[in-house]
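**Student:** okay, sequence plus prediction incoming.
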Amino acid sequence: MAMMNRRIGLLEARGREGLGHSRAYLNPQSNQKLGLTSVPSTCRSILLFDGVCNMCNAWVNLVIDNDPKGEFCFASLQSDVGKKLLQDAGRDPNDLSSLLLADEQGYWFESNAALRVAKRLNSPVLTSAGTVLSGVPRIVRDQAYRVVADNRYSFLGRIGDMDTPRCKIGKDAQVLKARFLDD
């Protein structure tokens, strides 16, 4: 129990509560303030992910495949855009520990980010899973998220590893280019 309480304290100290900030996001004023000048008009959310993680790239591919309206834009956590958004969310700009979702309600981390994305995708299975799993207490969801996140390179490797295949984007590169906000 003491270890779990210590873990809860660490999560809160690192700002991982995953609650949205009350500021408005993804509007021309906030985009300009953050230097995001080329956000497509269809983009309602920005998803930051670990750009060298094959598992994270597979998640981005899944989102792209199930987001026909192009509501999600993407940037790697390692990019300038990623670092700016991390900083604006009150996190260390070098923090690669969690997905970050920026939407019209604020910033979201860990399981809250993943489930908010899943609930908005054009897939009954993912939408249902997102809805059902949102009912699980956040502390349990985030603990499971941490186990996966802390071991993500072990599961599918990193881009550049010689023994693991790199995830490929199966869509038209020109169509998707505008949805990736990092250079």
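**Tutor:** Yes, it's here. None of these values were measured; they are calculated from a predicted model. Numbers count the residues shown, from 1 in each chain.
**Student:** strands along this structure, start to end?
**Tutor:** 45-49, 72-76, 100-103, 106-109 (DSSP state E).
**Student:** kindly present these as JSON lines, with separate columns for mean pLDDT.
**Tutor:** Below are those laid out as JSON lines (pLDDT from 0 to 100):
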{"stretch": "strand 45-49", "mean pLDDT": "93"}
{"stretch": "strand 72-76", "mean pLDDT": "92"}
{"stretch": "strand 100-103", "mean pLDDT": "92"}
{"stretch": "strand 106-109", "mean pLDDT": "92"}
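**Student:** against residue 118, how distant is residue 66?
**Tutor:** Distance from residue 66 to residue 118, counting by Cβ to Cβ, to the nearest Å: 9 Å. Every C-beta, even on glycine, is put in place using the N, C-alpha and C of the backbone.
**Student:** residue 157 too?
**Tutor:** From residue 157 to residue 118 the distance is 24 Å (Cβ to Cβ).
**Student:** which one's more surrounded, the two?
**Tutor:** Comparing residue 157 with residue 118 by other Cβ atoms under 10 Å, the one with more neighbours is residue 118, at 22 against 19.
**Student:** out of everything not next to it in sequence, what's closest to that one?
**Tutor:** residue 130 (3.2 Å; Cβ to Cβ, 6 or more residues apart in numbering).
**Student:** wait, isn't that neighbour in contact with residue 113?
**Tutor:** No: counting by Cβ atoms under 8 Å, residue 130 stays clear of residue 113, with 11.0 Å between them.
**Student:** neighbour count winner among these two?
**Tutor:** Using other Cβ under 10 Å as the criterion, residue 130 and residue 113 rank with residue 113 on top: 23 against 18.
**Student:** is it true that the more buried one touches residue 100?
**Tutor:** Yes: using Cβ under 8 Å, residue 113 makes contact with residue 100 at a distance of 6.3 Å.
**Student:** quickly list what's touching both of these two.
**Tutor:** residue 47 (Cβ atoms under 8 Å, 6 or more residues apart in numbering).
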